[in-house]
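Participant: Mind looking at a prediction? Sequence and model below.
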Amino acid sequence: MKSLQPLFLVIAFVCNGMIFAQDIDDVQQAHRNGNNGMEKILTPDQLALLQEQNELVRNQREAFKNSLSDDQLAILDNEDLNRKERREALSATFTQDQLDLLETHKANVQALKDSFRESLSDEQKQKLRKRRQRLKEKKQQLNQKKKQIKKRIKKKKNMKN
């Protein structure tokens with residue numbers, strides 16, 4: 001009987017480890033999908049709709065990037081321009097077909113957002129608002145910590161000089 005007790009503990013430990021590893025895999029998969037916490041709020045059908053919409057947006061972006069000329073791609077790759085200047089320079093070179101493609105893309109994205117919002121219950125909307133607020137607060141805290149670290153590094157550099 002005593003020889004079975006350690007064996008039982010080892011088996012329980014291994015099973016617990018496998019279950020815990022599965023939980024970690026699920027969390028990591030949610031992080032990769034960008035839906036961290038969303039699976040608790042949305043139904044499987046809503047998650048599938050969201051995934052389908054994201055795929056459609058990716059395809060539309062890819063189609064637009066494929067429509068860019070070599071000169072336009074050179075503007076995108078130009079490191080001398082900041083983001084705003086690059087955007088302005090690129091938009092000045094758009095053809096009518098590209099402008100139409102962008103307009104269509106914008107309309108499609110808005111329609112997708114509207115259809116997704118309509119599928120949400122009031123409770124889900126409230127939970128999503130709270131989730132957005134928590135994420136915003138976490139981001140602000142991280143930014144504050146980054147600023148504090150930068151200040152400390154700057155102080156150390158100044159003290160060395």
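Facilitator: Happy to help now that I have it.
Participant: Tell me the buried residues in stretch 82-92?
Facilitator: Of the residues in stretch 82-92, 86, 90 count as buried by neighbour count, 16 or more other CB atoms under 10 Å. No exception for glycine: its C-beta is placed from N, CA and C like everyone else's.
Participant: centre of the chain versus that stretch, how much separation?
Facilitator: In terms of CA atoms, centre = their mean, to the nearest Å, the centre of stretch 82-92 is found 24 Å from the chain centre.
Participant: Tell me which other helices or strands the strand or helix carrying residue 148 touches.
Facilitator: Using DSSP states H and E, residue 148 falls within helix 122-160. Contacts defined by 3 or more CB pairs under 8 Å, 6 or more residues apart in numbering; DSSP states H and E place helix 122-160 against helix 38-41.
Participant: ok so, going back, okay, buried residues for the helix holding residue 148 please.
Facilitator: Taking 16+ other CB under 10 Å as the criterion, helix 122-160 shows 127-128 as buried.
Participant: give the contact list for residue 93.
Facilitator: Counting by CB atoms under 8 Å, 6 or more residues apart in numbering, residue 93 touches 69, 71-72, 75.
Participant: Rounded mean pLDDT for the helix holding residue 148, please.
Facilitator: The average of the pLDDT scores along helix 122-160 is 92.
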